[in-house]
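Novice: How does the following fold in three dimensions:
(2 chains)
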Amino acid sequence: MKNLEQLREIADRTLGGLNATPELRYAIQMKALKQQRRKAQTLVFAKIAAPSLCALLLLSLILFPSGKLGTSNPPSITSLPLGQLQDKGAEDVALIGEVAVSNTRRSSESGIWASSSTGSFPLLGVNGRYYRMIVSPSSVSSSSVGQSIGKVQEYTTEPSLSDTGIISSNCVNAGDDVYAYNGLSGTFVCAKVNGELRLFQRVSFNGHATIAHESLSDTLQLSGHIVSLSISGIGSVSDSAVAEELFSKLVQNASYESSGSIQTSSVLTIHLKEGISAQMLVSDDRLAACGVWSCPEFISAFKSAVNQ
Amino acid sequence: MSESLPDASPLSFSELYEQFATDVLRVCYFYLGDRQKAEDICQDVFVKLLTTKPDLKVGSEKAWLLKVALNRCRDTWRGAWFKRVILGSPVFELIPAPDQFGKIDEEEHLMSAVNQLPPDFKEIVLLHYYQGYAINEISEMLSLPEGTVSSRLNRSRKRLETLLKGDDIP
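Specialist: As a prediction, this is how the structure comes out:
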């Protein structure tokens, strides 16, 4: 195998356009810095706040030996069977529905993502942006349908969807139009599936998430449309003004981590005035839909709002 | 105060990045066939380097980086997201430098044949033939017996011969 002996040379030639750039180095340094800051904050909490809380708890136990601390019911913990959770891929987490751990508030958020009998979820690729079909509405009203953004050039099975230069789909017929959704075009598109106009939300697919300098607010253009927010396992915020404020915090503070997804059983559901919802996966301080984003500010503000 | 080991690597982060990041990136791309994922993994590897500050010995820096990168590649390959989202083999595309366009037809066959190898074989071929590591070094990096590395290398060569002849792999 003479060729194999020359693999180094050949690979360097044929992959010569792929280089580690200064931009990648900058992204690495920023991410490391952020992780180190977070670690330092956790350490501060462990050294200062946690002992104070323990002391407070001890004091409470001395003062209230019966164990009545103002709540009549201890928090309950419910969870999906372990095996069931482990079997779920991240992209199907949204389909799990009710989520692992809760205390006094339990969420009953169900997944919004559509599946198909073939096991490949219904997708649309629009010039490098990818959209996954969602369950509701089963038919988009004509008043919500915006301008056509192009016709599906190729009806194909998934691997070809990674061709970023065309409009392709595994569920919309070639030649059918893809439309913007009025007022929410950055997040949703619509197209006909089995004769009905269906709604699709922007997601990551095959390593493709944001394009160029897109931010979270570009892929989730929902400001001004939010009615309520809920995170399964944490609770809901139904005051639209507070929900709107929280959402602004999310899009303003979120920092991009990667084009992948996260393993989690928790979801953020964003309920909109139009009667539709968008969804992101949530794990600790990270959220994912079109890319993985880190936003501790949002999660902490959301928890405070739920507890008020 | 931390004290460096006598044979600790004197290279700074910038020097390590300059010297090895492109190799890490290309190995990840060669393994996964997905540029974005390869960049994500390369990023994670160097973030780990910065945040965990491993005790790297002189001359072992690249081996450590590649070991972490290949572990991540393997996890990604096995991970539910990658398996389900890719839903089939990604198309492995060459990314030649601009001055190499049009010169790569014959070489393309070898590159795509290597890319088609099963992950366990591919990582050994990449480390041996692409990155120049000896069997004992690969054995240490992947925590595998030398006999296993050697046998996988032989089987990889046979599979590559079959692939390059255009036959289906038995």
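
Novice: Which elements pack onto whichever helix in chain A runs longest?
Specialist: Criterion DSSP state H: the longest helix present in chain A is helix A:22-44. Contact here means 3 or more Cβ pairs under 8 Å, 6 or more residues apart in numbering or on different chains; DSSP states H and E; on that basis helix A:22-44 packs against helix B:13-32, helix B:35-52. Glycine gets a C-beta too; all of them are placed from N, C-alpha and C.

Novice: buried sites along the shortest one?
Specialist: Residues of helix B:35-52 classed as buried under the neighbour-count rule (16 or more other Cβ atoms under 10 Å in any protein chain shown) are B:35-50.

Novice: what's that helix packed up against?
Specialist: Partner elements for helix B:35-52 (3+ Cβ pairs under 8 Å, 6+ apart): helix A:22-44, helix B:13-32, helix B:61-78.

Novice: and among those, the most buried is which?
Specialist: The highest mean neighbour count among these, using mean count of other Cβ atoms under 10 Å in any protein chain shown, belongs to helix B:13-32: a mean of 21.

Novice: That one near chain A at all?
Specialist: Yes: using Cβ under 8 Å from any Cβ of the partner chain, helix B:13-32 reaches chain A at B:13, B:14, B:17, B:21, B:22, B:24, B:25, B:26, B:29, B:30.

Novice: Surely residue A:274 forms part of a strand?
Specialist: No: with DSSP: H, G, I helix; E, B strand; the rest coil as the criterion, residue A:274 is assigned coil and is not in a strand.

Novice: residues near it, how many?
Specialist: Applying other Cβ atoms under 10 Å in any protein chain shown, we find 20 residues neighbouring residue A:274.

Novice: The one 5 residues further on now?
Specialist: By the measure other Cβ under 10 Å, the count of residues near residue A:279 is 21.

Novice: For the helix or strand harbouring it, which helices and strands make contact with it?
Specialist: Using DSSP states H and E, residue A:279 sits within strand A:277-283. Secondary-structure packing of strand A:277-283 (3+ Cβ pairs under 8 Å, 6+ apart): strand A:266-272, strand A:286-289.

Novice: So which elements touch the last one?
Specialist: Secondary structure elements in contact with strand A:286-289, counted by 3+ Cβ pairs under 8 Å, 6+ apart, are strand A:196-203, strand A:277-283, strand A:291-294.

Novice: now the ones you listed as TSV including mean pLDDT?
Specialist: Formatted as TSV, the helices and strands packed on strand A:286-289 follow (pLDDT from 0 to 100):
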stretch	mean pLDDT
strand A:196-203	93
strand A:277-283	91
strand A:291-294	91
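
Novice: Helices of chain A, start to end?
Specialist: For chain A, helices defined by DSSP H occupy the ranges A:2-5, A:7-14, A:22-44, A:50-63, A:82-87, A:216-219, A:240-253, A:296-307.

Novice: What distance do you get for the residue in the stretch 101-250 of chain A that chain B sits nearest to to residue B:109?
Specialist: Proximity of the stretch 101-250 of chain A to chain B (Cβ to the nearest Cβ) peaks at residue A:207, 3.3 Å away. As judged by Cβ to Cβ, to the nearest Å, residue A:207 and residue B:109 stand 25 Å apart.
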